[in-house]
Structures are given as structure tokens and as C-alpha cells.
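# What follows is a protein structure lacking sequence information:
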């Protein structure tokens, strides 16, 4: 599945799909910053909806826990 196909749902992603997405983010070989941002947002959405798939790649998201108390 190509992640550029926006008709796909996060529920249909497989481990291989997420690995491919993470691979692109690691290589950081995009034509524009917006292409990278699309992949980053997609990985972030996967991390929120299907954490088990994104768990090995959370370091790519650089999400920090904030203590707002």
C-alpha cells in the first residue's frame, strides 16, 4: 500500500507499510519538506490509533511528555 493513497485508512496498515513509512522518514530523501511532513503526520496518526504498529518508530516522532500541572 502506498501511503500517498489518502483513501486508505490507518486500520488497513500492516507492519510492512509502517516499516516502509519509517524507512522513508529515516532516509529523509524528500523532494519538498511538505512530503516529509505528510509522512510524519501519518506516522503520528498511526501512533495514536494503532500504537503497536508504530512503537518501534516512536523515536522518529520526537514526542515528549509534558507536565502541565
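Perfect, thanks for sending it. Worth saying up front: this structure is predicted, and the values here are computed from it rather than measured. Numbering: from 1, shown residues only.
# going forward, measure contacts and count neighbours with C-alpha atoms only.
Will do.
# contacting residues around stretch 20-27?
3, 36, 39, 40, 43, 57, 60 (C-alpha atoms under 8 Å, 6 or more residues apart in numbering).
# what about the fifth one, neighbour count?
The tally of other residues near residue 43 (other C-alpha atoms under 10 Å) stands at 25.
# That one contacts residue 54, doesn't it?
Yes. At 7.0 Å, residue 43 counts as touching residue 54 under the criterion of C-alpha atoms under 8 Å.
# okay, and the common contacts of those two?
Counting by C-alpha under 8 Å, 6+ apart, the residues touching both residue 43 and residue 54 are residue 18.
# quick one: the strands in this structure?
Read by DSSP state E, the chain holds no strands at all.
# quick one, longest helix in the protein?
Counting residues, the longest helix found in the chain (DSSP state H) is helix 33-49.
# Tell me which other helices or strands that helix touches.
Where contact means 3 or more C-alpha pairs under 8 Å, 6 or more residues apart in numbering; DSSP states H and E, helix 33-49 is packed against helix 15-27, helix 51-54.
# of all those, which gets the most neighbours per residue?
Burial of these is given as mean neighbour count (mean count of other C-alpha atoms under 10 Å); helix 51-54 ranks first at a mean of 17.
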